[in-house]
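Colleague: Below are the sequence and a predicted model; questions follow.
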Amino acid sequence: MANGQFDAYLPQASGYAIILGGGFAFALLMLILSWLQTKFTEMSPFENEEFSSASRNVKPGLVCSGIVSAWTWSATIMVSSLIVYQFGVAGGWWYGVCGTVSIVIFSVIASKVKENANGARTFLEIVRARFGTPAHIMFLTYALFTSLVVSAILLLGGSASISALTGMDVRAAAMLLPVGVVAFVIVGGLRSTFISDYTHTTIVFVIIWIFLYTACGSSELIGSPSKLHSLLTEAAELDPVEGNRNGSYLTFRSKPGFIYAAISVTLGFSTVFLDQSYWQRAIASKPSGTTLAYLLGGLSWFSVPFAFGSVMGLSARALQNNPVFPTYPEPLSVSQQDAGLVAPAAAVALLGREGAIAMLIITYMAVTSACSAQLISVSSLLTYDVYRTYLRPKASPAELLQIAHICVAVWGVWISVWCVILNAGEVDMNFMFYFAGTVIGAPTLPVILTVLWSKLSLIAVLVGSMGGTALAIMAWLVTCRYYYGEINIQTLVANYSSLAGNVTSIGGGAVIAVALSLIKPDNYDFRGTRSIKMIQNIHHDRDVLPTTQVSNIPVEEEKKNVSAPPSVEYNGVEQEDEELPQPADVKRAFWISTTLIMIISILVPIPLGASGYIFSPGFFTAWMVVAMDGSRFGLSSLAFAVSFFLFGKAESPCVKSVLVSSPR
């Protein structure tokens with residue numbers, strides 16, 4: 001291994017085995033669980049409402065694990081390691097902040113969705129009920145593009161890592177990764193993604209532990225935080241970080257780190273609030289536990305990029321001048337870094353062949369679990385917001401289920417082809433990651449305010465979203481040309497280009513939308529969104545025609561019902577008013593979210609950055625212990641949440657409570 005080449009540590013057959021074998025094994029498991037669910041419960045994945053929204057009664061424990069899994073992309077493990085490798089200890093923390101802030105804020109939005117639009121299947125149905133067709137089509141375009149970008153990030157990062165570790169052709173990896181996922185999603189629907197989420201997330205946390213305890217405990221190359229500290233000090237002397245205090249990898253006084261923080265936070269908002277998979281989990285959850293599920297999910301997820309990014313990024317930097325490093329005597333090239341090979345390089349350096357196997361597994365788990373969420377969410381968008389809304393408004397539930405299956409398969413094929421096209425154009429995961437916020441950031445606040453603010457107007461939504469995107473693209477290109485002299489893939493994702501594009505996008509959209517709404521405010525009372533009806537599938541009756549239109553309730557009768565969302569019965573399960581989030585729950589979620597955001601985004605990083613403190617060996621040891629404890633907390637909280645909410649509050653036999661909440 002020399003001359004900067006990243007040679008494969010595993011045979012090509014191992015890549016094909018895990019991609020195809022793992023996917024179809026899980027599809028078989030879903031087939032068995034689906035049979036058990038149909039036989040022993042009143043829910044069936046062969047019914048439309050169960051397939052697309054898990055009958056809206058998934059308990060908070062599984063929703064929590066689903067949130068962690070949906071946000072654990074291949075980019076989460078690849079980019080967090082890359083940022084730590086480039087900027088030092090601050091990188092993993094800031095990556096964690098970017099996602100956690102978005103998720104805990106979404107906990108408030110999730111409560112309002114249950115309160116004001118409990119019958120919706122997609123967030124676009126809420127948009128259509130409030131603003132009509134123009135806004136619906138615009139947001140549909142943004143939502144599909146968001147999913148396309150997220151899917152590209154997943155497959156580009158995953159296929160590059162699998163190719164580097166096994167020698168498997170990167171195009172073959174990109175084409176085959178979605179195959180098994182499509183199979184088990186079609187078999188099990190949304191509930192299958194929750195089960196796969198919990199399984200995959202558990203394995204991810206276990207592998208994080210393996211790398212943490214190897215680097216900081218058993219490794220002959222490192223073996224302790226203090227040895228890692230000394231190696232990083234030496235690395236700073238050989239290759240200092242431009243913009244960090246004294247070029248150190250052990251400080252939060254990092255100019256590129258703070259720039260990345262601004263980019264990542266804006267990017268996090270964009271890829272959460274425009275991604276139907278997060279709304280789908282809010283829709284699928286039991287109303288009484290939605291907020292708690294998102295808060296627990298946000299906290300649990302934080303430990304993934306923080307712990308994994310810290311140990312892999314710092315280990316790669318510390319060992320890059322050691323003969324065990326895959327590209328020794330050369331460091332990782334820029335193209336290798338952008339392809340996401342920092343974490344695989346660290347895994348191979350720490351554990352050799354075993355590290356390559358562990359990295360192959362964690363990459364596969366991250367890609368497939370998040371990809372399953374994308375497949376089911378896009379199928380919902382295409383089924384309900386395209387087919388049912390504009391093509392066949394009176395389609396039967398059975399027909400909609402068939403269309404949903406077709407959409408899952410078609411989208412799986414399309415994202416595979418899309419990634420092969422991007423690979424041919426030398427577009428990598430890193431470019432797509434930074435590109436996303438520039439293009440999809442502007443509609444973020446308009447989407448949030450659609451659920452929260454009665455004064456938001458249609459013109460504000462349209463102009464704010466499209467105007468913000470136009471301004472962002474302009475700022476992105478102009479800044480790139482001004483600072484770097486040319487426009488290409490490398491300069492477009494450079495710090496100042498990405499900062500200008502992301503901040504202008506989310507900020508421009510927000511300012512325009514709020515300003516226009518204040519100039520000419522609406523006065524919406526949310527009666528329309530509360531009247532969105534669920535598809536009726538009572539006791540497997542497939543003859544009931546669906547409706548997503550605002551119900552034709554006489555105005556006087558509707559006024560009587562405004563104070564509480566209507567009780568809707570479907571599949572034998574009745575959503576009772578007392579189950580819905582109460583105003584006190586929403587207020588509590590707001591204050592908890594605010595407190596968490598203050599701690600992780602201000603109280604910890606700002607003093608460390610402002611003081612310019614360079615971690616001492618003792619402080620760095622404590623920092624790594626916190627990372628270890630964070631990963632333990634992440635898995636422990638998931639285990640507690642699932643066991644407590646599945647079994648501690650069970651009202652039915654064990655098997656039934658695992659599959660569904662017991663019907664009232």
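Modeller: Thanks, I have the structure now. Residues are numbered from 1 along each chain as shown.
Colleague: Going by C-alpha atoms from here, please, whenever you check contacts or count neighbours.
Modeller: Noted.
Colleague: Summarise which helices and strands whichever strand or helix holds Gly437 is packed against.
Modeller: Under the criterion of DSSP states H and E, Gly437 resides in helix 429-440. Helices and strands touching helix 429-440, by 3 or more C-alpha pairs under 8 Å, 6 or more residues apart in numbering; DSSP states H and E, are helix 74-87, helix 133-166, helix 255-273, helix 334-338, helix 458-484, helix 489-492, helix 495-519.
Colleague: Show me the shaky parts of the protein.
Modeller: Residues of the chain meeting the criterion pLDDT under 70: 1-4, 34, 37-61, 188-195, 284-290, 533-586, 633-664.
Colleague: Hmm, Leu232 and Pro617 touching each other?
Modeller: No: counting by C-alpha atoms under 8 Å, Leu232 is not a contact partner of Pro617; they are 10.7 Å apart.
Colleague: Of the two, give the one with the bigger neighbour count.
Modeller: Leu232 (23 against 16; other C-alpha atoms under 10 Å).
Colleague: what's the following helix or strand after the helix holding Gly437?
Modeller: helix 444-452.
Colleague: residues making contact with that following helix?
Modeller: Outside helix 444-452, the residues within contact range by C-alpha atoms under 8 Å, 6 or more residues apart in numbering are 109, 112-113, 116, 126-127, 130, 269-270, 273-274, 456, 460-461, 464-465, 506, 509-510, 513.
Colleague: Return that helix as PDB; C-alpha atoms alone will do.
Modeller: The C-alpha trace of helix 444-452 is given here as PDB (Å, rounded to 0.1, in the frame of the first residue of the first chain):
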ATOM      1  CA  THR A 444     -37.700  25.900   5.500                       C
ATOM      2  CA  LEU A 445     -39.300  28.700   7.500                       C
ATOM      3  CA  PRO A 446     -42.400  28.900   5.300                       C
ATOM      4  CA  VAL A 447     -43.000  25.200   5.900                       C
ATOM      5  CA  ILE A 448     -42.600  25.600   9.700                       C
ATOM      6  CA  LEU A 449     -44.900  28.700   9.800                       C
ATOM      7  CA  THR A 450     -47.500  26.800   7.700                       C
ATOM      8  CA  VAL A 451     -48.100  24.700  10.900                       C
ATOM      9  CA  LEU A 452     -47.400  27.300  13.500                       C
END
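Colleague: quick one: that helix to chain centroid distance?
Modeller: 19 Å (C-alpha atoms, centre = their mean, to the nearest Å).
Colleague: Stretch 605-617 too?
Modeller: Between the centre of stretch 605-617 and the centre of its host chain there is 30 Å, according to C-alpha atoms, centre = their mean.
Colleague: So which bits of that stretch are buried?
Modeller: Neighbour counts over stretch 605-617 (16 or more other C-alpha atoms under 10 Å) mark Pro605, Ile606, Leu608, Gly609, Gly612, Ile614, Phe615, Pro617 as buried.
Colleague: Tell me the span between the first and last residue of that stretch.
Modeller: Terminal residues of stretch 605-617 lie 18 Å apart, using C-alpha to C-alpha, to the nearest Å.
Colleague: thinking again about what came up before, out of the buried residues of stretch 605-617, which sit inside strands?
Modeller: Among the buried residues of stretch 605-617, no member is found in strands (DSSP state E).
Colleague: Redo those as JSON lines? Include distance to Tyr434.
Modeller: As requested, these are exported to JSON lines (distance: C-alpha to C-alpha, whole Å):
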{"residue": "Pro605", "distance to Tyr434": "22"}
{"residue": "Ile606", "distance to Tyr434": "24"}
{"residue": "Leu608", "distance to Tyr434": "26"}
{"residue": "Gly609", "distance to Tyr434": "24"}
{"residue": "Gly612", "distance to Tyr434": "27"}
{"residue": "Ile614", "distance to Tyr434": "29"}
{"residue": "Phe615", "distance to Tyr434": "29"}
{"residue": "Pro617", "distance to Tyr434": "34"}
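Colleague: what's the farthest-apart pair in those?
Modeller: Taking C-alpha to C-alpha as the measure, the buried residues of stretch 605-617 span a maximum distance of 20.7 Å, between Ile606 and Pro617.
Colleague: of the buried residues of stretch 605-617, closest to Ala70?
Modeller: Pro605 (26.0 Å).
Colleague: contacting residues for the closest residue to Gln336 other than its chain neighbours?
Modeller: Take Gln336 and drop its neighbours on the chain: the residue closest to it by C-alpha to C-alpha, 6 or more residues apart in numbering is Val342, 7.7 Å away. With contact set as C-alpha under 8 Å, 6+ apart, Val342 has these partners: Met78, Ser81, Leu82, Tyr85, Met312, Gly313, Ala316, Leu332, Gln336.
Colleague: The helix holding Gly437 to helix 133-166, inter-axis angle?
Modeller: Using axes from the mean of the first three to the mean of the last three C-alpha atoms, to 10 degrees, one finds that helix 429-440 and helix 133-166 are set 170 degrees apart in direction.
Colleague: Now do the strands in the chain.
Modeller: Using DSSP E, strands in the chain cover 569-570, 573-574.
Colleague: Hmm, Leu155 and Val170 touching each other?
Modeller: No: using C-alpha under 8 Å, Val170 and Leu155 do not qualify as a contacting pair, with a distance of 9.8 Å.
Colleague: residues near Glu354, how many?
Modeller: So Glu354, with other C-alpha under 10 Å, has 14 neighbours.
Colleague: Would you mind measuring from Asn423 to Ala160?
Modeller: Counting by C-alpha to C-alpha - Asn423 and Ala160 are separated by 10 Å.
Colleague: Please apply the same query to Ala500.
Modeller: Distance check for Ala500 against Ala160: by C-alpha to C-alpha, it reads 28 Å.
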